[in-house]
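Asks: Below are the sequence and a predicted model; questions follow.
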Amino acid sequence: MPDSLSSPTASAFAKFVVTHRTQGLRAALATLVKMTDYRFIGLWRFQDGKANAVVHYDREDPSKTTTQEVPDTATYCCFVRDTKAPFKTPNALIDERLASHSAREQVTTYCGVPVMDSLGNVLATLCHYDVVPRDPDQVNLELMLMVAAYVANNGNLPPYPSTSATTAA
């Protein structure tokens, strides 16, 4: 938790929690993405070698609530899952770590954190992403980790979706 209840991070987290309780998880995630210039935010889960957003928000098309199911290695979320740590890239097209990654032409910018249970198992990833370069340092990682812990500890993480639909992280 932040040092002060009046810190910007604490205030943003309180807004997230209130929005979650009154309007739901998707609306609460929308409050986070609106603190940045990123287009997308999502909670991504993994199942049977696939990845999909269980909650997805697109600031350019808020009516779009789903994403396309993709192989789990076709997302940057796999780095978060595998390392159990945040992963970010401002521009995948020039990031040497992503030189052969299949998503680099479609998802240029990414900033994600793990959603973990109390035993340290990664349940999902919480991430901001976009199709154009963005500065991932604008994302408050402390806030993202607080939200990830809140989602994991309060049983708010939806199950893996049973259907598919557009845009991988």
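Replies: Received it, and whenever you're ready, just let me know what you need. Numbers count the residues shown, from 1 in each chain.
Asks: for the nearest residue to residue 8 once chain neighbours are set aside, phi and psi?
Replies: Leaving aside its sequence neighbours, residue 8 sits nearest to residue 140 (CB to CB, 6 or more residues apart in numbering; 7.8 Å). C-beta coordinates here come from the backbone N, C-alpha and C atoms, glycine included. When read as degrees, to the nearest 10, the backbone of residue 140 gives phi -80, psi 100.
Asks: Make 12 the first number, not 1, from now on.
Replies: Got it, the first residue is 12 from now on, which makes the last one we talked about residue 151.
Asks: For residue 151, list the residues it contacts.
Replies: By CB atoms under 8 Å, 6 or more residues apart in numbering, residue 151 lies in contact with 19-20, 23, 46.
Asks: Looking at those, which are in helices?
Replies: 19-20, 23 (DSSP state H).
Asks: Pipe the contacts of residue 151 into CSV and attach distance to residue 90 and pLDDT per row.
Replies: Shown next, in CSV, are the contacts of residue 151 (distance: CB to CB, whole Å; pLDDT from 0 to 100):
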residue, distance to residue 90, pLDDT
19, 27, 93
20, 24, 95
23, 25, 96
46, 23, 96
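Asks: Most neighbours of all those residues, which one?
Replies: Each of those was scored for neighbours by other CB atoms under 10 Å, and residue 23 scores highest at 19 neighbours.
Asks: if I pick that one, what's in contact with it?
Replies: 42-43, 46, 151, 154.
Asks: Looking at those, which two lie furthest apart in space?
Replies: Greatest spatial distance among the contacts of residue 23 (CB to CB): 42 and 151, at 12.0 Å.
Asks: I'd like to know how many residues surround residue 131.
Replies: 8.
Asks: Kindly report the same for the one 10 residues further on.
Replies: With neighbours defined by other CB under 10 Å, the count for residue 141 comes to 22.
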